[in-house]
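Engineer: I need the structure of the sequence given here:
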Amino acid sequence: MLSLCLPFRNEFSEIEKVIAHLRSTIPTDDYEIIICNDGSVHGSGKFRPLEIYEPNVKVINSPVSFGVGYAFDRCVENATSDILVLMGSDVFPHEGWYEQVMEAVTNNPNTLGCATCVGLNPTRMSLDDPKCFRRYGADLLFYVTEEDLPKESALRDRKGGYTALFKAKWLDGKQSDDPYEIPCALGAFYFTSRAYYNALGGFDTVKGNRYQGHRVWGSLEPYLSLKSWLVGGGCTLYPKIEAGHVFARINQHNRLKKGGRGADWMFWNQLFILETMILNQSLHNRLEDFLHPELNLGVARQWIRRNWGNVEKIRELNRQKFKYDYHIFEERFGYDFIF
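Structural biologist: Purely as a prediction, here's the structure:
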């Protein structure tokens, strides 16, 4: 059996299309689709439940929006299968994905699997269209100080937006037709065992606390990918498993605007990752210096200070639960974690 976990917010017109597509590509009834409605609202601004009465579909309605990480964690809590697919509500996997995912997770339950991402838009929905771009996972980039930013980076000139401290960058070329290791899963279609997801701690969200763990979509994949690498599991790309991603659709979980709160939530995610995963006082001091006064980071700073007890709690849990081996990642991809 397989459990598909879908965060959902305000995407009422899209979700039925995704469910229909999944049904058409799964050759068995031995599956479940778990949808977490993350505080969807209608025109009045009031909460709007998601109601789907179909076999194999479960809906979790959360009246408050806690973020995508929360939605994924709640889906996994309600999953009954040992095999998980984590996917966006704008993703359409190609025919044959089911058998390949089942085989991949069965053979490699302690890794994070990633499909080839095929870029779609509402006017070009066929994965067979040669104009669709294909991306094969991502690299991980660390910008700890402003001096670390590329000289031509738009981040240097962005006013009122967020600054990326820790981000993923698409890998364009395919290395092989066979599965191979990548630094970061990216593309909104991932798969692993439920036991491994729980061992990683998911996205460290706690029910009822909207500022612990991930608030929006940004840096979600890099976080889970880094955790997977540091415990020795890693990330594996499966080039033959393809998933179409409709990038032109507005992401209701995280609508970034210059000077808006989405920017601060993005920065919160990045600070949370670096503070809790890379346990180094020197790094903390450098991050404090990195906060550029011209950037709209006031809300993120306030959240970090207000919720510092939660960050420290997660950091301590990480210390006790995991014995991170940074050399695994350093040796494979050449990163230096000694800041």
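Engineer: mean confidence for the helix ranked longest in the chain?
Structural biologist: Scanning the chain for the helix with the most residues, using DSSP state H, yields helix 261-277. In this model, helix 261-277 has an average pLDDT of 70.
Engineer: Below-threshold pLDDT in this structure: ranges please.
Structural biologist: Within the chain, the stretches with pLDDT under 70 are 122-128, 130, 143-165, 206-218, 247-265, 278-308, 318-319, 321-326, 335-339.
Engineer: residue ranges of the helices in it, please?
Structural biologist: So, for the chain - with DSSP H - the helices run 12-25, 68-77, 97-107, 194-200, 220-230, 261-277, 281-290, 298-306, 308-321, 326-333.
Engineer: hmm, who's touching the first one?
Structural biologist: By that I understand helix 12-25. 4, 6, 8, 33, 35, 40, 48, 50, 52, 54, 57, 89-98, 246, 249 (C-beta atoms under 8 Å, 6 or more residues apart in numbering). For every residue, glycine as well, the C-beta is placed using N, CA and C.
Engineer: Can you say which of those residues are buried?
Structural biologist: Buried members of those, scored by 16 or more other C-beta atoms under 10 Å, are 4, 6, 8, 33, 35, 40, 48, 50, 57, 89-94, 97-98, 246, 249.
Engineer: So for residue 140, which of the helices of the chain sits nearest?
Structural biologist: Nearest of the helices of the chain to residue 140, taken as C-beta to C-beta: helix 220-230 at 5.9 Å.
Engineer: relative to helix 261-277, how tilted is that closest one?
Structural biologist: Counting by axes from the mean of the first three to the mean of the last three C-alpha atoms, to 10 degrees, helix 220-230 points 10 degrees away from the direction of helix 261-277.
Engineer: Grab the longest strand from this protein for me.
Structural biologist: strand 235-246 (DSSP state E).
Engineer: neighbours around residue 16, how many?
Structural biologist: Neighbourhood size, residue 16 [other C-beta atoms under 10 Å]: 12.
Engineer: One more: the one 10 residues further on?
Structural biologist: Residue 26 has 18 neighbours, counted by other C-beta under 10 Å.
Engineer: what about the closest residue to it other than its chain neighbours, distance to residue 30?
Structural biologist: Excluding its sequence neighbours, the residue lying closest to residue 26 (C-beta to C-beta, 6 or more residues apart in numbering) is residue 98, at 5.0 Å. According to C-beta to C-beta, to the nearest Å, residue 98 and residue 30 sit 10 Å apart.
Engineer: between the two, what contacts are shared?
Structural biologist: residue 2.
Engineer: Count residues in the vicinity of residue 236, would you?
Structural biologist: Residue 236 sits with 20 neighbouring residues when counted by other C-beta under 10 Å.
Engineer: from what I can see it touches residue 181, true?
Structural biologist: Yes. Counting by C-beta atoms under 8 Å, residue 236 does reach residue 181; the two are 6.0 Å apart.
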